[in-house]
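Chemist: quick one, structure for this:
(chains A and B)
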Amino acid sequence: AQKITQTQPGMFVQEKEAVTLDCTYDTSDPSYGLFWYKQPSSGEMIFLIYQGSYDQQNATEGRYSLNFQKARKSANLVISASQLGDSAMYFCAMRETNQGGKLIFGQGTELSVKP
Amino acid sequence: KAGVTQTPRYLIKTRGQQVTLSCSPISGHRSVSWYQQTPGQGLQFLFEYFSETQRNKGNFPGRFSGRQFSNSRSEMNVSTLELGDSALYLCASSLAVSGRLSYNEQFFGPGTRLTVL
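Modeler: Purely as a prediction, here's the structure:
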């Protein structure tokens, strides 16, 4: 069964606007972590933000914030004030506590920022 | 602080050959995980090493193996290469101390792009 689902294969956003990238997950482990990564065309995976399942507040890192809705099992990434350099693939990933460092990735969303 | 490094960055091999890829984690990080990324299958977990021991393994054939050294550097080996092994191979390192919040940062290297002809 798919554990991480990213339903938007591709998205466009105008420069300086905000954009939300969707991610839903499935796990029976009460303790887990959720990650978002950015992958430019160069291939390197850049860590953006992390949310633990027990964290009470939504994670934020600069222009990135995570809209964590535990009951709905969703962990959407919000990028505020999009920049041209934000154009890249974005991956949502999950780590279950009993799986050590193993990350399960979604299929990714390709974001294109228009000038 | 230096990031995760992977060598080589690019590699071209022919079917039937073997290949060894190297990953040096961030200083102080004890866990190294390996992933294969292909257009068709996406990002798939290969294995994780922690303190020189394989801690977890993905669903890959035995041709894929790895090891970790006492300085936390890790290598992965693919024997008898097949065309389908062409991929970007990424490694990730994390601090991985005890406790449920230990993996809240996992940093990736730039990857090794392997082409099998």
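Chemist: low pLDDT regions in chain A?
Modeler: A:1-2 (pLDDT under 70).
Chemist: and if we set it to 90?
Modeler: Counting by pLDDT under 90, chain A shows low-confidence ranges at A:1-2, A:29-32, A:42, A:54-56, A:96-102.
Chemist: mind listing the strands for it?
Modeler: Counting by DSSP state E, the segments of chain A that form strands are A:4-5, A:10-14, A:19-21, A:24-25, A:32-39, A:46-52, A:60-61, A:64-69, A:74-79, A:88-96, A:104-105, A:109-114.
Chemist: what helices or strands is the fourth one leaning on?
Modeler: With contacts taken as 3 or more Cβ pairs under 8 Å, 6 or more residues apart in numbering or on different chains; DSSP states H and E, strand A:24-25 sits against strand A:4-5, strand A:74-79. Quick note: C-beta positions are derived from backbone N, CA and C, even for glycine.
Chemist: out of these, nearest to A:M94?
Modeler: Within those, the stretch nearest A:M94 is strand A:4-5; the backing value is 5.5 Å (Cβ to Cβ).
Chemist: so what strands line up beside that closest one?
Modeler: Partners of strand A:4-5 in the sheet, by DSSP bridges, are strand A:24-25 (antiparallel).
Chemist: next one: the partner strand to chain centre, how far?
Modeler: Chain-centre distance of strand A:24-25: 10 Å, with Cα atoms, centre = their mean, to the nearest Å.
Chemist: go on, stretch B:21-32?
Modeler: That offset, for stretch B:21-32, works out to 10 Å (Cα atoms, centre = their mean).
Chemist: deepest of the helices and strands packed on strand A:24-25, which one?
Modeler: Greatest average neighbour count among those goes to strand A:74-79 (a mean of 22), per mean count of other Cβ atoms under 10 Å in any protein chain shown.
Chemist: elements contacting that one?
Modeler: Using 3+ Cβ pairs under 8 Å, 6+ apart as the test, strand A:74-79 ends up in contact with strand A:19-21, strand A:24-25, strand A:32-39, strand A:46-52, strand A:64-69, strand A:88-96.
Chemist: so which of the ones you listed gets nearest B:T115?
Modeler: Of the helices and strands packed on strand A:74-79, nearest to B:T115 by Cβ to Cβ is strand A:32-39, at 18.9 Å.
Chemist: quick check: can you name the pairing partners of the closest one and their directions?
Modeler: In its sheet, and by DSSP bridges, strand A:32-39 pairs with strand A:46-52 (antiparallel), strand A:88-96 (antiparallel).
Chemist: pull the CA atoms of the longest one into CSV?
Modeler: So that's strand A:88-96. Extracted in CSV, the C-alpha atoms of strand A:88-96 (Å, rounded to 0.1, in the frame of the first residue of the first chain):
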residue,chain,number,x,y,z
ALA,A,88,12.4,22.0,-8.6
MET,A,89,11.0,18.6,-7.6
TYR,A,90,9.7,18.4,-4.1
PHE,A,91,9.4,15.2,-2.2
CYS,A,92,7.5,14.4,0.9
ALA,A,93,8.9,11.5,3.0
MET,A,94,8.1,9.7,6.2
ARG,A,95,10.1,7.8,8.8
GLU,A,96,8.5,5.3,11.1
